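*Asks:* Structure, please.
(one chain, ligands or ions: 1)
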Amino acid sequence: MAALLVAFAPLPHSTPVSAERFFHVDARNFTYSPAVLFANPGDRVTIELASTDVVHGLYVDGYDLNLSADPGQPATLSFVAGRGGTFRLRCSVTCGALHPFMTGKLQVGPNLLLWRGIALALLAFLGVFGTRVPKPVTDH
Ligand SMILES: [Cu+2]
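*Replies:* Numbers count the residues shown, from 1 in each chain. Below is the predicted model:
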């Protein structure tokens with residue numbers, strides 16, 4: 001029962017007013033650090049991209065925003081995270097062999113997929129233990 005409440009209770013709105021979020025993202029050797037950025041819908045998000053090897057870019061899917069940083073010269077981008085969901089980040093500058101794999105994630109708002117997954121798992125669990133096992137057929 002407690003688990004049900006956890007799964008279906010509305011998520012607490014810990015930040016009802018939009019907040020400022022600053023992320024410093026290091027781009028190096030085909031990875032972003034951190035690779036996952038979290039924000040709430042309506043937050044003003046500032047991303048500072050700093051490269052320490054070659055020129056890297058950062059493109060935010062869904063928001064159609066692009067940023068690129070030369071080595072040693074961080075570049076910043078600021079926007080309002082008006083759309084909730086999960087958006088892919090990817091390098092927008094061909095930086096080397098593993099360039100296509102240089103990705104990250106911007107998560108705006110609660111992870112609905114995760115919550116849906118938890119709810120589904122719970123329903124499956126209830127389904128297994130909530131239905132009675134049919135009696136074996138005894139007549140021949
Ligand atoms: Cu890159």
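
*Asks:* Mind listing the residues bridging to residue 85?
*Replies:* residue 108 (DSSP bridges).

*Asks:* ok, so what distance separates it from the ion?
*Replies:* For residue 85, the distance to the ion (CB to the ion, to the nearest Å) stands at 24 Å. Every residue, glycine included, has its C-beta placed from N, CA and C.

*Asks:* which residues touch that residue?
*Replies:* Taking CB atoms under 8 Å, 6 or more residues apart in numbering, we find residue 85 in contact with 62, 108-109, 112.

*Asks:* what does the chain put close to the ion?
*Replies:* Within the chain, the positions lying close to the ion (CB under 5 Å from the ion) are 56, 91, 95, 102.

*Asks:* try it again with 6 Å
*Replies:* Residues of the chain lying near the ion by CB under 6 Å from the ion: 56, 91, 93, 95, 99, 102.

*Asks:* For the last one, the count of nearby residues, please.
*Replies:* For residue 102, the neighbour count with other CB atoms under 10 Å is 23.

*Asks:* cool, and the fifth one?
*Replies:* Around residue 99 sit 16 other residues, with neighbours defined as other CB under 10 Å.

*Asks:* okay if I get the residues of the chain next to the ion as TSV plus pLDDT and distance to residue 34?
*Replies:* Rendered in TSV, the data for the residues of the chain next to the ion read as follows (pLDDT from 0 to 100; distance: CB to CB, whole Å):
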residue	pLDDT	distance to residue 34
56	97	15
91	97	15
93	96	19
95	95	18
99	96	19
102	97	14
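
*Asks:* Reformat those into TSV and put secondary structure and distance to residue 21 next to each item.
*Replies:* TSV is the format used below for the residues of the chain next to the ion (DSSP: H, G, I helix; E, B strand; the rest coil; distance: CB to CB, whole Å):
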residue	secondary structure	distance to residue 21
56	strand	21
91	coil	21
93	coil	24
95	coil	26
99	helix	27
102	coil	22
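
*Asks:* all helices for this protein, in order.
*Replies:* Chain-ordered helices for the chain, with DSSP state H as the definition, fall at 2-8, 112-130.

*Asks:* I'm done for today, thanks for sticking with me.
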